[in-house]
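**Q** Show me how the following folds:
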Amino acid sequence: MAQILIVDDDHQLRQSFERLLSAEGYTVRTASTGEAGVEMVRESLPDLVVMDVRMPGLSGLEAFAAMREIEPRLPVIIMTAHGTTETAIEATRMGAFDYVLKPFDIPDILKLIEKGLSAGRFMRSKVEMDAPAEGGEGEAIVGGGPAMQEVYKAIGRAAPTDATVLIRGESGTGKELVARAVYQYSSRAGKPFLVINCVAIPETLLESELFGYERGAFTGASGRKVGKIEQANRGTVFLDEIGDMPVSIQAKLLRLLQEKHVERLGGAGPIPVDVRIIAATNRDLEQAVAKGAFREDLYYRLKVVTMTLPPLRERREDIPLLAKHFLCRFSREAGVPDPGLTPQALDFLTGHDWPGNVRELANVLQKNLIFNRGGPITADDLQQAAGVTPQAAAAGTATPALEAGGDGSAQEFLRRFVRGELVAARDDEGAFESLMDRFGAVVIAEALAMTGGNRTRAARLLGLSRPTLLARIEKYGLKIETSVTSQLGATDPDSPGR
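**A** Residues are numbered from 1 along each chain as shown. Predicted coordinates for the structure are as follows:
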């Protein structure tokens with residue numbers, strides 16, 4: 001479990017953080033001074049640091065600079081009161097992951113911590129290429145077939161350059177791993193690597209998240225905010241799902257690629273930046289260009305180097321290697337023996353179409369390992385975990401065996417849901433996206449209800465990463481009941497030492 005270091009001279013705040021984060025499943029260490037925090041980082045590197053700006057002795061800014069000397073990729077979240085905002089902004093420009101103003105709400109700080117941990121994992125987790133099935137300690141891109149050999153060659157050729165890279169492929173094919181591999185084998189590997197999911201951030205917030213803003217730029221802009229691109233100066237920015245980026249923001253991204261500068265919302269002039277852009281999409285960009293939904297000039301700027309990842313059904317020869325890799329990895333992480341697969345189970349794996357690609361395969365194998373009762377995993381076990389009916393398996397098709405409950409089948413439930421939504425939408429051009437959002441909200445709300453609001457368990461149940469689930473919860477405006485109602489850092493922002 002992730003280890004978080006809290007550095008603050010306020011004893012009550014440290015205790016509140018320790019209780020909250022321990023309840024979320026994190027390992028928490030605390031320090032009351034900047035000097036002690038730096039020493040803890042030197043002795044045992046945490047996954048994330050949350051640190052106050054104003055402390056006796058070594059200030060938060062000085063402590064942050066010392067921590068960056070030890071590990072430049074360590075994500076640090078700076079806490080500040082209203083009177084010290086400019087100092088926190090300076091820390092962000094120096095490379096701090098983000099800053100928050102005291103007092104802050106629990107859901108907000110938990111979301112920011114999860115984002116920081118995710119960014120740290122992206123930067124520091126090693127991605128092996130063409131790794132052996134037994135696997136190492138980190139994540140790996142596994143596959144020895146011709147299609148994957150071309151991917152390895154492309155990574156090797158593109159990584160040492162500063163060329164913009166566009167990674168294409170269906171959902172679940174491993175675009176994120178390839179982006180991390182390009183970063184890790186590049187000359188910018190020791191610099192920041194920030195990830196922006198263009199579909200998870202609301203359109204109204206995406207521009208300010210990327211480019212930042214000045215005080216008074218819009219209603220609610222009470223201070224300056226440094227954008228992620230400016231924050232990643234001399235590093236790399238990964239724009240995931242770039243095909244969903246609004247056209248209005250595409251123009252500013254094009255300007256960045258052409259002129260190497262950004263402009264904050266409400267800013268007086270350009271700010272020079274040196275970042276490498278890696279982008280990924282599962283969309284048909286050529287079709288989007290034809291429809292006017294994606295700028296043609298940006299499309300050509302992005303595809304300096306293009307890597308296309310094949311779906312799993314087109315590289316079935318790699319499935320046995322992937323299955324062995326995931327079972328080795330998951331059994332090692334869980335501390336249990338690798339149960340192995342029966343020959344019939346392996347036949348099912350290689351014959352299934354895997355619409356969710358490598359991600360779906362990994363989720364099915366992990367689920368089977370969790371519920372394994374001893375002995376090798378069978379074809380029946382895999383079919384149940386993959387949601388395939390015995391009839392569909394016998395016919396060689398992959399019809400989901402969803403459980404709708406009540407007196408109707410899953411297919412009937414979905415049929416009624418779709419019909420009702422389409423009738424309501426009538427000839428709305430956004431009917432499909434609206435339908436998927438409504439159905440996604442229903443599924444996530446049900447998972448949260450089943451897990452009593454536990455987001456980690458709900459994410460595991462749905463086969464999503466926790467950050468993705470949190471992003472969807474925010475997008476759909478779902479409410480999560482929690483027993484924690486207090487605020488952290490609810491002290492007078494103008495009190496001495498804060």
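
**Q** Please point out which parts of stretch 175-195 sit buried.
**A** Neighbour counts over stretch 175-195 (16 or more other CB atoms under 10 Å) mark 175-184, 186, 188-189, 191-195 as buried. Any C-beta I mention is one placed from the backbone N, CA and C, and that applies to glycine too.

**Q** and if you look at stretch 35-54?
**A** 35-38, 40-41, 45-54.

**Q** Restricting to C-alpha, output that stretch in CSV.
**A** The C-alpha trace of stretch 35-54 is given here as CSV (Å, rounded to 0.1, in the frame of the first residue of the first chain):
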residue,chain,number,x,y,z
GLU,A,35,14.5,19.0,8.5
ALA,A,36,12.8,15.9,9.8
GLY,A,37,10.8,15.5,6.6
VAL,A,38,13.9,15.7,4.4
GLU,A,39,15.6,13.1,6.6
MET,A,40,12.6,10.7,6.4
VAL,A,41,12.7,11.1,2.6
ARG,A,42,16.4,10.3,2.6
GLU,A,43,16.0,7.2,4.8
SER,A,44,12.9,5.7,3.2
LEU,A,45,11.4,7.2,0.1
PRO,A,46,7.6,7.7,0.4
ASP,A,47,5.2,7.6,-2.5
LEU,A,48,3.9,11.1,-1.8
VAL,A,49,4.6,14.1,0.5
VAL,A,50,2.0,16.5,1.8
MET,A,51,3.8,19.5,3.4
ASP,A,52,3.0,22.9,4.9
VAL,A,53,4.8,26.0,3.6
ARG,A,54,5.5,27.9,6.8
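
**Q** Compute the number of surrounding residues for residue 146.
**A** Residue 146: 10 surrounding residues under other CB atoms under 10 Å.

**Q** low pLDDT regions in the protein?
**A** The model of the chain has pLDDT under 70 over residues 82-85, 88, 130-138, 389-434, 480-498.

**Q** Got the domain ranges for it?
**A** Domain ranges of the chain: 3-118, 127-310, 315-395, 410-476, per automatic domain parsing.

**Q** same for the helix or strand residue 255 falls within, what does it pack against?
**A** Using DSSP states H and E, residue 255 maps to helix 247-259. Helix 247-259 sits against helix 203-211, strand 261-262, strand 276-281, helix 296-302, with contacts defined as 3 or more CB pairs under 8 Å, 6 or more residues apart in numbering; DSSP states H and E.

**Q** can you list the residues that contact the longest one?
**A** Just to be clear, that refers to helix 203-211. Residues from elsewhere that reach helix 203-211, judged by CB atoms under 8 Å, 6 or more residues apart in numbering: 196, 198, 201, 217, 225, 227-230, 245-246, 248-249, 252-253, 262-265.

**Q** Just the buried positions in it, please.
**A** For helix 203-211, a neighbour-count test (16+ other CB under 10 Å) marks 206, 207, 208, 209, 210, 211 as buried.

**Q** For the helices and strands packed on helix 247-259, give me TSV that also has distance to residue 356.
**A** Formatted as TSV, the helices and strands packed on helix 247-259 follow (distance: least, CB to CB, whole Å):
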stretch	distance to residue 356
helix 203-211	26
strand 261-262	36
strand 276-281	16
helix 296-302	26
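
**Q** Quick check: which of the ones you listed is nearest to residue 126?
**A** Residue 126 sits nearest to strand 276-281 of all the helices and strands packed on helix 247-259, at 17.3 Å, using CB to CB.

**Q** tilt between that closest one and helix 247-259?
**A** Relative orientation of strand 276-281 versus helix 247-259 (axes from the mean of the first three to the mean of the last three CA atoms, to 10 degrees): 150 degrees.

**Q** helix or strand right after strand 276-281?
**A** Next element after strand 276-281 (DSSP H and E): helix 285-290.

**Q** same for that next one, what does it pack against?
**A** Helix 285-290 is packed against helix 296-302, with contacts defined by 3+ CB pairs under 8 Å, 6+ apart.

**Q** now the helix or strand following the helix it packs on: how far from the chain's centre is it?
**A** Per DSSP H and E, the first helix or strand lying C-terminal to helix 296-302 is strand 305-308. Strand 305-308 has its C-alpha centroid displaced from the chain centroid by 21 Å (CA atoms, centre = their mean, to the nearest Å).

**Q** Which other helices and strands does the following helix or strand past strand 305-308 contact?
**A** Where DSSP H and E defines the elements, the next helix or strand beyond strand 305-308 is helix 319-334. Using 3+ CB pairs under 8 Å, 6+ apart, the elements in contact with helix 319-334 are helix 343-351, helix 357-370.

**Q** Mind listing what's buried along the last one?
**A** When neighbours are counted by 16+ other CB under 10 Å, the buried residues of helix 357-370 are found to be 357-369.

**Q** now the residues you listed in CSV, with distance to residue 324?
**A** What follows is the buried residues of helix 357-370, written out as CSV (distance: CB to CB, whole Å):
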residue, distance to residue 324
357, 17
358, 14
359, 17
360, 17
361, 12
362, 12
363, 16
364, 14
365, 10
366, 14
367, 17
368, 14
369, 13
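
**Q** Going by distance to residue 352, which of the buried residues of helix 203-211 wins?
**A** The closest of those to residue 352 turns out to be residue 206 (CB to CB; 36.3 Å).
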